[in-house]
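predicted model, plus sequence, below.
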Amino acid sequence: MRKIRCHYASPEAFVEAIDAPGEECALQVFTTDAFEPGEEVLLEVHFPSLPGKMMVRAIGRDWHPARPRLRVRAGGVLRCTGTEWTKLQFLRKVGAGELKLSARRRHVRLPVMVEVRWRRQNTNDFVAAALSEISEGGALLLTPDDSRPASGEEVIIEIMPPGSERPLEVLSVVRNTDHPDGVGLEFMARDMGGVHRLREVIRRLVEQ
C-alpha cells in the first residue's frame, strides 16, 4: 500500500479540506503523488497544532495534476469509512480548536483493521475484539462496552500475524478510555526479540 503525505498549511486549511469536497466521508488532499479511483492508500496527515502525524487508510475518488495558469494545485479527493473517518472527525475538532493535544507520541500509529483477542492479565477468559490502529508503542483496541477494561488495567493482547500459525501475545496497559469505540493501549517493555517480532507483525498487518 502506497503512502501519500498531505501537510496542510494551517488548522483552518485542514478543516476546509474536510468541508470542501461536497461528499460525505471525503477529504480534499494536495499532493503530486497521483492515485487512481478506487485505489487504497495510506495517508499521512499533518497540520500546525497537531502534535505528530496521523496515518489514515483512504480510498481514491479522483486526482488531477497542477494547473499553474489557473492557480490550481495538484491533488484530489480521498474517501474514508468507519473508524478511519472517525479519526478525521477527531482531527477536525483539533483543527477547529475544540480539542487540544499536547503529547507527541513516540511512535506513529498506523491504521489497520484486524481481529484480535484480549484477556485481563490474571484471567484465562478471552474477549473477541479488533485493533483499528497500531504502533510499536501501543494500539487502539475496539471492544464492547460491557467488557471494556478500565484505565490503568493490564491486559494481554493476542494478535495472529498474517501467514503465521502462532499468535503474538503482548502485555499492555490501558492509558486512554475517552475513545467512544474502545480504549488506547500502551505496550509494556519487551526484550529486543519481542520488539523485532512486533515490528514485523505491524508491517504484515499494514500491507495485507
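Cool, the structure landed. Residues are numbered from 1 along each chain as shown.

C-alpha from now on. contacts and neighbour counts both.
Fine.

quick one, helices of the protein?
Using DSSP state H, the helices of the chain run over 11-19, 82-95, 192-207.

A58 and C25: what is the separation?
10 Å (C-alpha to C-alpha, to the nearest Å).

same drill for these two, tell me which one is more crowded.
Shown here are A58 and C25; by other C-alpha atoms under 10 Å, A58 has more neighbours (23 against 19).

quick check: bridge partners of that one?
V41 (DSSP bridges).

ok, back up a step: identify the contacts common to A58 and C25.
Here A58 and C25 have 79-81 as joint contacts, going by C-alpha atoms under 8 Å, 6 or more residues apart in numbering.

show the end-to-end separation of stretch 132-152, please.
Taking C-alpha to C-alpha, stretch 132-152 runs 20 Å from one end to the other.

what lies in contact with that stretch?
Contacts with stretch 132-152, where a contact means C-alpha under 8 Å, 6+ apart, come from 83, 106-114, 120, 127-131, 155, 172-177, 181-187, 195, 198-199, 202.

and it, how far out from the chain middle?
Centroid separation for stretch 132-152 versus its chain: 13 Å, with C-alpha atoms, centre = their mean, to the nearest Å.

pLDDT below threshold where in this protein?
Flagging of the chain using pLDDT under 70 yields the residue ranges 99-109, 189-195, 206-208.

kindly recompute the last result at 50.
By pLDDT under 50, the low-scoring segments of the chain are 104, 192.

columns mean neighbour count and distance to D33 on top of the helices of the chain, output as CSV?
CSV is the format used below for those (neighbours: other C-alpha atoms under 10 Å; distance: least, C-alpha to C-alpha, whole Å):
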stretch, mean neighbour count, distance to D33
helix 11-19, 19, 17
helix 82-95, 18, 21
helix 192-207, 14, 19
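
of all those, which lies closest to V72?
Comparison of the helices of the chain against V72 by C-alpha to C-alpha identifies helix 11-19 as nearest, at 14.4 Å.
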